[in-house]
Each structure stands twice: as structure tokens, then as C-alpha cells.
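Chemist: From the sequence below, what's the structure:
(one chain, ligands or ions: 1)
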Amino acid sequence: MFKKLLIANRGEICCRVIKTARKMGIPTVAVYSDADANALHVQMADEAVHIGGPAAKDSYLKAQTIIDVCNEVGADAVHPGYGFLSENAKFADLCEANNITFVGPPTSAIEAMGSKSAAKSIMEKAGVPLVPGYHGEDQSEAIIKKAADDMGYPVLLKAAAGGGGKGMRQVWSENEFAGALAAAKREAISSFGDDTMLVEKYLTQPRHVEIQVFCDKHGNGVYLFERDCSVQRRHQKVIEEAPAPGLSDDIRKAMGEAALKAAKAINYVGAGTVEFLYDVDGSFYFMEMNTRLQVEHPVTEMITGQDLVQWQLDVAAGEPLPLSQEQLKVNGHAFEARVYAEDPDNDFLPVTGQLTYLQAPLENRHVRVDTGVRRGDEVSVYYDPMIAKLIVWDEDRNKALNRLTTALADYHINGMTTNLPFLYNLASTDAFRNVELDTGFIDKHQDKIF
Ligand code: ADP
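Modeler: Here you go, the predicted model:
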């Protein structure tokens, strides 16, 4: 096992990784920016090193600085968390060149999935079902528009380099096409420096169902079932759950096997997520693969009883997967709600300030709170304004949903506006209880949620 683990991240995910490392007896090193000098992740780690200014580009994104810190403190492994450098192939390469284990997939797999277009070409060859569309290299407007016209509207334009719902535009008719393409390209250039576009048939009422896969360095791979992340706002997840309600065992297995096929096609190692759109008729289509631990991994941990960070560290150290597919079982139901400092009544604008009062619900076997802040901390303008992830578990969906609403009501935050009332209202709707799920859920039920 590793001598020392550096976590190249901050906030809740850094704290989450430290907990498992501690359990496994691995000493930890945190890094921090000026804005995070007193942060929880700094306090929790065995050692902490200052790496620069508050803007991410001056600290958490400085690949070479992080490598230098590893060399100084003798860290032989880096966990990148999610976001920041987690899907940066150059950083993974740099780790390797310095004999530091990157806790993640091989560089080649990160690169293969780094472009949504290239990823779709690979999956097409591997026989994984795709959303109908065009993801070719010829980027002339006429070609992309012809693909859209041929498919029929509505279509969805997506930036190949996209993430976080950016660079995406729905197009409802032919005469909107030119304007939407120009707008999507502008957003893609400013967010990713790359305006390569693809176009897909826009499914009007799909569910977002994603499969957690895990592969080791010995050619073994398993899927740890699925998560339903259909409840979204502007293509960003709000509440996730596992397993996906109403999915038949046959479809669950077919999706799991398709996801493993996807992972094997790129010689995947470690934790990965294969995202699918799932249609009412039971068909499903590959969207993209995320080559990291996901924000919503805890719901999978709750229903499988496994520690995915421990799996990541074991696999990175060369251990075989701890369980076979047959040994993995779904137990009960879990939800995760993302608690944000944001104002639902003001277009969800991020809110900053001090958490003058913070009382999370009590943790027990039904309730888990993953957070990187405590009472008195600041939520600053520099980072994602997520305050915590509230995760609940019970033996079935109805009971778990009761746990969720109770825990949301027991979450008390003063000092700033949060999305807690919005989450509570959403989780309390009959439609959510009755599994009327699709990615348009929030729009459809806004009169009851806001
Ligand atoms: P990003 O990487 O920016 O998050 P994704 O490709 O993962 O983008 O898509 C994000 C969300 O957008 C999906 O979860 C889904 O809600 C919606 N979406 C993506 N593709 C389609 C499509 N072809 N039809 C309908 N909705 C889609």
C-alpha cells in the first residue's frame, strides 16, 4: 500500500478521501489555497501544504506545483477527487513520469473519453448503443445542420469538450439552428477553448441512468449497479438515487453489461461512470463516460455496502477487485441531495457569506452527511458553493424518501440563503414519490417546488 497519499482537491471530497485513507492506515497530505487556510480538509489531513492563491488556476489546478509537493513530502500517490485535475490526462502523465501513482484510470482512457465525439466513435465500434446523431470530424455548419434536418427536430447541440451542462443548446426547429449553433460554440470556446460540436436527437422525456463500473489491473471488471440522476436543473444533478426505480432486472443487467463493454473497449482501470439516457420504452443510449469518482458515489456505497474510495486505492495499488459480479447485491434504497448556497428565487445564483449557524441532521446508519465545512466557515466566491451532500438509506424507496424529507427538515443553516427549502419541496411532491421521473421534472412541477 501507499506510504503517503496526497489529495489534490478541497472541500467535501478531500475530507471523504481522508476518512478512508485514515481507516486504511495511509497518512494523508492536503494542499490548500489562501482562501482555505483554515478549511476542514486542511485540519483533517496529517499534513497540509499551501500551494497558492484562491483562484483555482493559482492553486488546485497547478499540476507541477502539486507534483513538487508530492516530491517534497514523500507522497507516492495522488487522489484527484472530482473536478480540478481529475480528468486531466497531462496531470496523470506527469504523475507517472514522477513515479507517483495517479489514483485513476490510465492516461489513454482519460484521453479516449475526454471528447464526447471521440468517445461516441469508440462506443459505436464497441457495439454500445448511442443516441442517434452526428459526431464527425467535419465541422462545417452545412454538415451539422444537414444531420439535424435529417434526424428531425428537436435536436441537442453539444460541445465535444463539454461538461457541467455548458456548451449545450436545444434546437426546436430548422430556423433556430444557425443562432443556436453560434451561441453553443461561443459558450464552448469561452468554457473549454474548443468549439467542436456534435448534434444528437433531443429526447424529450428521458431519464438519466448511469452505471458505476470498476476495473482492476488484472483484466477484471464489475458494475456496481446504477444511479438515477434524472432530477436536474439546467442539465445539472440535484437529487440522485440508487437503484433506479422501476428498472427491470433484465434492463439493469443489459445496461451494466453495456457499461462494462464500454470500459473494456478503452482498457479501463479504477472507478468510472457510464452515463446513459433511458427512454420510457426501455431503450437506453450511451451519452458519455466520466473517468473519475462521481459526486453522487455515496448512494452506490449505501446500497452495496462498499467503500468506493477504498476500492480505488486498492486497485491503484495493484490489488484485484475485492468482489465478483455475483457477490455484489443491491440492498435497500438511497438518495443524495446536494445542499447548495444558492438562491432558488433568484435564478439559483450562488450565494456567499459566513455559515453563522450550521446544524446538520444527526448521522446514523440511515443518514450520512458528506461536507467540507463547519459552523463559522465562509462560502467564498472562488469555488463551487456546495455546502454538503445529504445521503439517506432505508430498506425501500418509500422509507428512504421519508428519511430524506425528515433529514432535510432537520438541516439548519443560518447566515445565507440555501436551496434546502427547494430540495424539501421537491422531495415532498407526489410526482417524485410516484416515480414520475424524467429530466424535465423540475420544470414540470415548478408550481409545487418554488
Ligand atoms: P455534461 O457533460 O455537460 O454534463 P451530458 O452529456 O452528461 O453533459 O448531459 C447532461 C444532461 O443533459 C443529461 O443528464 C441529460 O439530462 C441531458 N441530455 C444530454 N443529451 C441529451 C439528449 N440527447 N436528449 C435529451 N437530453 C439530453
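Chemist: Could you verify that residue 238 is part of a strand?
Modeler: Yes - under DSSP: H, G, I helix; E, B strand; the rest coil, residue 238 sits within a strand.
Chemist: Let me see the contact set for it.
Modeler: 231, 232, 337, 338, 423, 426, 442 (Cβ atoms under 8 Å, 6 or more residues apart in numbering). Bear in mind the C-beta positions are built from the backbone N, C-alpha and C, glycine included.
Chemist: Only the buried subset of these, as a PyMOL command please.
Modeler: Selecting only the buried entries of these in PyMOL, with 16 or more other Cβ atoms under 10 Å as the criterion:
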select buried, resi 231+232+337+338+423+426+442
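Chemist: For the ligand, state which of the contacts of residue 238 is nearest.
Modeler: Each of the contacts of residue 238 was checked against the ligand using Cβ to the nearest ligand atom; the closest is residue 232, at 5.2 Å.
Chemist: quick one: contacts for that closest one?
Modeler: Residue 232 is in contact with 208, 238, 439, 441, 442, counting by Cβ under 8 Å, 6+ apart.
Chemist: ok, now with 7 Å
Modeler: Residue 232 is in contact with 208, 238, 439, counting by Cβ atoms under 7 Å, 6 or more residues apart in numbering.
Chemist: Likewise for residue 351?
Modeler: 341, 342, 343, 385, 416, 417.
Chemist: if we go to 10 Å?
Modeler: 340, 341, 342, 343, 379, 385, 415, 416, 417, 418, 419 (Cβ atoms under 10 Å, 6 or more residues apart in numbering).
Chemist: Residue 237 too?
Modeler: Contacts here follow Cβ under 10 Å, 6+ apart; on that basis residue 237 touches 165, 208, 210, 227, 229-231, 294-296, 336, 338, 439.
Chemist: that older thread, between the contacts of residue 238, which sits nearest residue 44?
Modeler: For these, the minimum distance to residue 44 (Cβ to Cβ) is 21.1 Å, reached by residue 338.
Chemist: quick one: secondary structure of that closest one?
Modeler: At residue 338 the chain is in strand, as set by three-state DSSP.
Chemist: for the residue most central in space within the chain, what are its contacts?
Modeler: Centroid-nearest residue in the chain: residue 294, 3.5 Å away (criterion: Cα atoms, centre = their mean). Shown in contact with residue 294 (Cβ under 10 Å, 6+ apart): 82, 210, 212, 227, 229, 237, 240, 271-273, 275, 300, 308.
Chemist: Residue 377 too?
Modeler: Contacts for residue 377 (Cβ under 10 Å, 6+ apart) come out as 36, 38, 39, 40, 354, 355, 356, 358, 371, 387, 415.
Chemist: returning to that earlier point: give me the buried subset of the contacts of residue 237.
Modeler: When those are checked for burial by 16+ other Cβ under 10 Å, the buried set is 208, 210, 227, 229, 230, 231, 294, 295, 296, 336, 338, 439.
Chemist: Now secondary structure, pLDDT and distance to residue 25 too, for those residues, in TSV please.
Modeler: Converted to TSV, the buried ones among the contacts of residue 237 look like this (DSSP: H, G, I helix; E, B strand; the rest coil; pLDDT from 0 to 100; distance: Cβ to Cβ, whole Å):
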residue	secondary structure	pLDDT	distance to residue 25
208	strand	98	37
210	strand	98	32
227	strand	98	30
229	strand	98	34
230	strand	98	39
231	strand	98	38
294	coil	98	26
295	coil	98	27
296	coil	98	28
336	strand	99	28
338	strand	98	31
439	coil	97	42
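Chemist: burial count for the residue lying closest to residue 282 once chain neighbours are set aside?
Modeler: Excluding the flanking residues, the one nearest residue 282 by Cβ to Cβ, 6 or more residues apart in numbering is residue 251, at 5.6 Å. Counted by other Cβ atoms under 10 Å, the residues lying close to residue 251 total 17.
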